[in-house]
Each structure stands twice: as C-alpha cells, then as structure tokens.
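# Below is the sequence, then the predicted model.
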Amino acid sequence: RLDCFVYAVLGLAAAAPGRTAVRFNPSIRSLFRNVPNLHKDVIWRPCAEEWERAHDILTEFDLGQRRASSGVEGLTKGNVANEFSDNWEDRESLWLSVKHLADMSTSLVMGVCAGSAEEGVEELKGLVSALGLKRNRLHGMDNDGVPRDMSDFGPVFIRYVAATGDAFLSGYDGYYRGVYVTPQLEDGEFRQYGVLPLGLWKEDSPVTEKCTDLRSMVQAFIQSSMAEKAAAMNVEVLVTDACESTGTVHITCKGKDNGIAQSLAVRRWIEASLAQIPAVKKVNIT
C-alpha cells in the first residue's frame, strides 16, 4: 500500500484502475480535502479489501442469526438470537470487523441492548474505550444532576452517537441482548449490523492486556490519561486499594491546596475519568 500512500501525500495523479485505495481516518482525510488534482478515490473511498472482508463477516453473522430465529416470535425469538450470539465461535473476526468499519466511517451510531443499567453502561464503556471514540454525557442516569437508583430499573437500551460522544439510556422491553452497529461511509448508504454479541471489545482491550490486576490497571490509567490535568491543578491522585471482585477502587487525592484537592469538582473529575475503565464499578475518594 506504499504506492497508494505516495499518491495520497503528493497528490500526483488519479489512482490507477483497480488500485486499492489507501484508508485514512477522518482527521487525516480532512488535511487533503483541498489538494488539487488528487483523485477522490485515493482519499474518500475506504480500502476495498478491508471493507468487503468486514462487511462479509458481519453479514454472515447477521444472516445466520436471522435464520436461527426465523419462525419464532417474542421471547423465544430473542432467546434463540441471543443463544446464537453466545455460541458464535469466531468472536475475534467479528470484533476486528467492527473496528475496521468504525475506523472507516464518517459517522457511527451504536445501540446497546442489555439486561440492566449496570451491564449496559459497562458495555458502552468498553466499546467506546476500545474503539477510541469520543466520550461525553450519559443521559438518563440522573434527575437534574441527582443520580438515579438504577438497581431495579430493568433492561435498558443505550444509544451512543460517536460524533458528539453523547449516550442516551432508556428502558427497553425487547428480548435481544447485544449491540447494533450503524456505520456510515463516504457513499452515504445506510448499513446496520447486529445484534452482535456483548463483550466483543474484550477481545483486545488495551487496558486489560497491559495490566494484571485492577489496582495496577487503574494506576496505569491515572499516569497515562490523568497526570497532565492533575499536574495543572497541583493535585496528586493515587490508588490506595482496589477490589477486583466488586470493582471498587479507593483513591487518595492530595495537593498543596487541600481545598482544591478535596473539592467537589475534582472529585467528579476523578470519578468521571475512572468510569472509563470497564472494570471499575465504584470509586471511593479520600
């Protein structure tokens, strides 16, 4: 693919007939929008081979799931579809296909169908973190800033919009459990895959690969993702303890000005930051 890269960078000529186009993510593509004499297929079209392979794998799963659950309705249909997902052996290929399409897409929407708010939020965190997507507010978990008790809320549907990073949680009376993935490519056609199995992101979670226990996982995250902002606020964030079975993390925050270190704003920043780690269920700060 080096020849395609040279074409793209130098803007020398149109892509040769039949040549596989190089794939860029949206932030890189935008750098080349005004390059003269650059054939649009070099930049705008997804890499044909990767796109076709990802599409074929996800479509094969979709068709198999539909065939398995055809002829039944209601709870039985959902249970059969969920069982089909649970028994799908090549989860790694499904996940790699989702990653390819997410990387190629100009916009991406995902829908999580889960049995509880806790399960749904964990799935959303895992997907967003593993795909490197934008994070913003999760709507539906509070009333005017006051957290809702979601322990008995029941099944949920969470709609996530990658363009803004916002997610919207609501009750769900359906029987499916899994994820809908709706990527939009440069051609603007509607495509939707799913219901894909829950937990596909665990196939290559970058956090769990690098850390062997929850405490080291959280400490590594603090050092890599929170250190710069902590330094700007003159505070130090440390992990004092962590329980893997409950997902509870104990944090100490201290600084030159303890008023800032113990402020509500800092506490909320710590909680929101650590909430990005799927294994973290509760954060205690002292």
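Great, that's in hand.
# tell me how far the ends of stretch 145-163 are from each other?
Stretch 145-163 has an end-to-end distance of 24 Å (CA to CA, to the nearest Å).
# Same check on stretch 102-112?
Across stretch 102-112, first to last residue, CA to CA, it's 16 Å.
# Show residues contacting that stretch.
Outside stretch 102-112, the residues that touch it by CB atoms under 8 Å, 6 or more residues apart in numbering are 23, 25-26, 46-47, 50-51, 120, 123-124, 127, 131, 133, 156-163, 179-186, 194, 198. Where C-beta positions appear, they are placed from N, C-alpha and C, glycine not excepted.
# Just the buried ones from those residues?
With burial judged by 16 or more other CB atoms under 10 Å, the buried subset of the contacts of stretch 102-112 is 23, 46-47, 50-51, 120, 123-124, 127, 131, 133, 156-162, 179-186, 194, 198.
# what's the spacing between Gly132 and Phe221?
Distance of Gly132 to Phe221, given as CB to CB, to the nearest Å: 14 Å.
# Take the buried ones among the contacts of stretch 102-112 and keep only those in helices.
Here DSSP state H is the test, and the buried ones among the contacts of stretch 102-112 give Glu50, Trp51, Gly120, Glu123, Leu124, Leu127, Leu131 as lying in helices.
# where along the chain do the helices fall?
Along the chain, counting by DSSP H, helices occupy 2-10, 26-29, 40-44, 48-68, 74-86, 91-104, 117-131, 206-210, 214-221, 227-232, 258-261, 264-274.
# Sitting in strands, which of the contacts of stretch 102-112 do you find?
156-161, 179-184, 194 (DSSP state E).
# Dump the residues you listed into TSV; add distance to Trp95 and pLDDT as well.
What follows is the ones in strands among the contacts of stretch 102-112, written out as TSV (distance: CB to CB, whole Å; pLDDT from 0 to 100):
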residue	distance to Trp95	pLDDT
Val156	22	97
Phe157	21	98
Ile158	19	97
Arg159	21	98
Tyr160	17	97
Val161	21	97
Val179	11	98
Tyr180	15	97
Val181	11	97
Thr182	17	97
Pro183	14	95
Gln184	20	91
Gly194	13	87
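# which two in the residues you listed are spaced the farthest apart?
Spatially, the most separated pair among the ones in strands among the contacts of stretch 102-112 is Val156 and Gln184, at 24.5 Å (CB to CB).
# low-scoring pLDDT stretches of the stretch 1-150 of the chain, where are they?
In the predicted model, the stretch 1-150 of the chain carries pLDDT under 70 at residues 1-48.
# What about the closest residue to Tyr193 other than its chain neighbours, how many residues nearby?
Leaving aside its sequence neighbours, Tyr193 sits nearest to Leu58 (CB to CB, 6 or more residues apart in numbering; 4.2 Å). By the other CB atoms under 10 Å criterion, the neighbourhood of Leu58 contains 23 residues.
# I'd like to know which of the helices of the chain lies nearest to Arg148.
Minimum separation from Arg148 across those (CB to CB) falls at helix 117-131, 8.6 Å.
# the inter-axis angle of that closest one versus strand 178-184?
Our comparison of helix 117-131 with strand 178-184, counting by axes from the mean of the first three to the mean of the last three CA atoms, to 10 degrees, yields an angle of 40 degrees.
# Packing partners of helix 117-131?
Judged by 3 or more CB pairs under 8 Å, 6 or more residues apart in numbering; DSSP states H and E, the packing partners of helix 117-131 are helix 91-104, strand 107-114, strand 156-161, strand 166-171, helix 206-210.
# if you set the cut-off to 7 Å instead, what comes out?
Helix 117-131 is packed against strand 107-114, strand 156-161, strand 166-171, with contacts defined by 3 or more CB pairs under 7 Å, 6 or more residues apart in numbering; DSSP states H and E.
# average model confidence for the last one?
By that I understand strand 166-171. Per-residue pLDDT over strand 166-171 has a mean of 96.
# For that strand, which strands pair with it and how are they oriented?
strand 138-139 (parallel), strand 156-161 (antiparallel) (DSSP bridges).
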